[in-house]
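1. prediction below, plus the sequence it came from.
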Amino acid sequence: MSLSVRVRVMIFVLSLLFAQQLVSRPNIDAKTGLIIDQGYLKVKSECTVCHSAKLIIQNRATREGWLKTIRWMQDTQGLHQLTAETEEEILTYLAKNYPSEHKGRRANLIVENWYWLNQEQ
Amino acid sequence: MKNKSILRGIHELYRDNPEKADQLIWGREVEPVSRRGFLKKSGLWAMSAALGAHIPFADNMPGGLIPAAFADTDESFHIPGKHPGLIVVNDRPVSAETPAHLLDDLITPVDKLFIRNNGIPPENIDPAAWMLRIEGESIESHAQFSLEELKRKFKHYTYQLTIECAGNGRSEFNPPVPEGQWTVGAVGCPEWTGVRLRDVLESLGIKDDAVYIGYYGRDTHISGKSSLDSISRGVPMSKALEDETLIAWAMNGADMPAMNGHPLRLVCGGWPASTSGKWLSKIVVRNKIHDGAKMTGLSYKVPCHPVEPGSNVKDEDMCIIESMPVKSLITYPKTGAMIKAGQKLSLRGHAWAGDLSVSAVDISNDFGATWQRCKLRQPKNRLAWQHWQAELDFPGPGYYEVWVRATDSAGKMQPMVVPGWNPKGYLNNACHRIAVKVT
């Protein structure tokens, strides 16, 4: 095994370890990506039966906004009636962990990778 | 990958034999007639215990389905037949968008066309057995066509047609709006081949009182309830009878991918892509506005009059979206480009305007203070996007944003900020921006 291959293997292993660390951040549920907090198991059981947790995680809303979404799912998407207790727990969890953020009329651009442009067309 | 041979993952098990996997992992057997539910409560208990909670729709849960909580364990969710650069917005139902720089082709390749599913796509499709029924109160005679009959009885047409999800750009609305957080890439413009919807309907006789058509597809509702349609939308007769409105089976000259509606779909170019029903099995001609799933309530509607952001809007004050607004994209270069001072930057992209055409495209590198006119090509046919290109000078080093703004044939321009807030977050046509550094 040449040195450069060994270095590459080592980088690979290190990057795996790093990735491992990323996915096992203590407050994120590795299976769903949901923030671990009071009520997340309820959210997991009631919501991810029908749709991916991605649909929750990428969204932000006020408590009222989340309630509206639940009512819409109940009115049109076949979601059953939740007990008052369950609904309360889910709403509190969502409003706390995925709250509405003020974005303004246009956010700054986020650039993940700056790169040198080689302008051959 | 060493792990692969040792660890036979949950996904692999489900891929090989979903019902066997249910049984192996959970001891689950489905109700034999409906193939849903749990025959023995022990299976339900095992799955619930692993999920850490009970399953509300247990009786409706189709057999052989990985619970989404476990389906989520895959770091990268791969969609067969699609470019790995597509961004998965939602994996159940599947939605994926194409980053702007991957939309650079003049004609969108099949692997780069976005996916927006409302339900679970049909499985085991047999094109030879596929039937399309034409019904409804406003068609003289009801009929049913096989795919082969459609191809044989009616003239074929090929058009390049732009389809865009009405919610494309939703992620920018403030206050935020739930549902898929699309950025800019829920749009594409492939070539579609099929027969004209008009030819098929006219062959059966359209009654004078016809107002709207509605479609039904073979996808099933995500809750597993057979009583619910996932989506059944439509268009007014004026749109249905246009030359370019197709019942299509091919995309870019080949059968279209399963996720884009194989073997048959509607294509209503320039209108919300939700009017272009996939896995098409029935068309109804109605004497009133079609009232299928997602035609009512707030779906695919915007306030008839502008509202304050975050407002509650009554159903009766909402109007159905028809033509999509004028819009454009910078597809080259990709955002984040660095160039040397004194270098010119070549840019290109597409512009489209729903039912209209695009009359001008301008770009700015000073946050909209000044604009430079671009070269703009004519569309290949009506309702196809148009290509623009430009060369831009930069006055010196620094951080720049290049903005693109199209003007439609009626003189309407794209706004530079996010347009009017609406309860479902549709129709954001604010100008596209990329970041450029000159050093």
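-> Alright, I've got the coordinates. Residues are numbered from 1 along each chain as shown, chains lettered A, B, ... in the order given.
2. nearest to chain B: which residue in chain A?
-> Of all residues in chain A, the one sitting closest to chain B is A:Ser45 (2.8 Å; C-beta to the nearest C-beta). Quick note: C-beta positions are derived from backbone N, CA and C, even for glycine.
3. next up, identify which helix or strand that residue is on.
-> helix A:40-47 (DSSP states H and E).
4. I'd like the next helix or strand past that helix.
-> helix A:54-57.
5. quick check, pLDDT for residue 111.
-> Answering for chain A, as no chain was given. Looking at A:Val111, its pLDDT is 94.
6. um, chain B though
-> Value for B:Asp111, per-residue pLDDT: 95.
7. the residue of chain A closest to chain B - how many residues pack around it?
-> 20 (other C-beta atoms under 10 Å in any protein chain shown).
8. elements contacting the helix holding A:Ser45?
-> Applying 3 or more C-beta pairs under 8 Å, 6 or more residues apart in numbering or on different chains; DSSP states H and E, we find helix A:40-47 packed against helix A:84-97, helix B:41-51.
9. comparing these by mean pLDDT, which bottoms out?
-> Of all those, helix B:41-51 has the smallest average pLDDT, which comes to a mean of 47.
10. give me the low-pLDDT residue ranges for chain B?
-> B:1-78 (pLDDT under 70).
11. max-length strand in it?
-> strand B:398-408 (DSSP state E).
12. buried sites along it?
-> By neighbour count with 16 or more other C-beta atoms under 10 Å in any protein chain shown, strand B:398-408 contains the buried residues B:400-408.
13. out of those residues, who's near chain A?
-> When C-beta under 8 Å from any C-beta of the partner chain is applied, the members of those adjacent to chain A are B:Glu401.
14. out of the buried residues of strand B:398-408, which one sits closest to chain A?
-> The closest of the buried residues of strand B:398-408, once distances to chain A are taken by C-beta to the nearest C-beta, is B:Glu401, at 6.3 Å.
15. quick one: residues contacting the nearest residue to the closest one once chain neighbours are set aside.
-> Distances taken as C-beta to C-beta, 6 or more residues apart in numbering or on different chains place B:Arg433 nearest to B:Glu401, at 4.9 Å, with adjacent residues excluded. B:Arg433 makes contact with A:109, B:330, B:335, B:401-404, according to C-beta atoms under 8 Å, 6 or more residues apart in numbering or on different chains.
16. please apply the same query to B:Lys82.
-> Contacts of B:Lys82 (C-beta under 8 Å, 6+ apart): B:96, B:111-112, B:115, B:257, B:259.
17. between those residues, which is closest to chain A?
-> B:Ala96 (11.1 Å).
18. wouldn't the closest one be in contact with B:Ile115 here?
-> Yes. Counting by C-beta atoms under 8 Å, B:Ala96 touches B:Ile115, with 4.7 Å between them.
19. list residues touching both of these two?
-> Shared contacts of B:Ala96 and B:Ile115, counting by C-beta under 8 Å, 6+ apart, come down to B:79, B:82, B:86.
20. quickly list what the spatially closest residue to the last one that is not a sequence neighbour is bridged to.
-> In space, and not counting its chain neighbours, B:Leu86 is closest to B:Ala96: 4.4 Å by C-beta to C-beta, 6+ apart. Applying DSSP bridges to B:Ala96 gives these bridge partners: B:Val88, B:Ile115.
21. can you pull the contacts of B:Ala96?
-> B:79, B:82, B:86-89, B:114-115.
22. and it, how far is that from A:Ala107?
-> 22 Å (C-beta to C-beta, to the nearest Å).
23. returning to what we had before: widest-spaced pair of the contacts of B:Ala96?
-> Greatest spacing in these, by C-beta to C-beta: B:Lys82 and B:Val89 (12.8 Å).
24. in chain B, which spans are helices?
-> Using DSSP state H, the helices of chain B run over B:2-6, B:10-16, B:18-26, B:41-51, B:68-71, B:147-153, B:197-204, B:237-240.
25. residue in the stretch 101-250 of chain B nearest to chain A?
-> B:Ser223 (3.8 Å).
26. how many residues are close by the nearest residue to that residue once chain neighbours are set aside?
-> Spatial nearest neighbour of B:Ser223, chain neighbours left out: A:Gly78 (3.8 Å); criterion: C-beta to C-beta, 6+ apart. Neighbours of A:Gly78 under the rule other C-beta under 10 Å: 17.
27. what strand or helix carries A:Gly78?
-> Going by DSSP H and E, A:Gly78 is not in any helix or strand.
28. pull the contacting residues for it.
-> A:50, B:57, B:221, B:223, B:225, B:228.
29. among these, which are in strands?
-> Among those, no member falls in strands (DSSP E).
30. now the spatially most central residue of chain A. Nearest residue, chain neighbours left out?
-> Note on chain A: the residue nearest the mean C-alpha position is A:Ile57, at 3.4 Å, using C-alpha atoms, centre = their mean. Sequence neighbours aside, A:Gly33 is the residue nearest to A:Ile57 in space, at 5.4 Å (criterion: C-beta to C-beta, 6+ apart).
31. so that neighbour: helix, strand or coil?
-> Three-state assignment for A:Gly33 (DSSP: H, G, I helix; E, B strand; the rest coil): coil.
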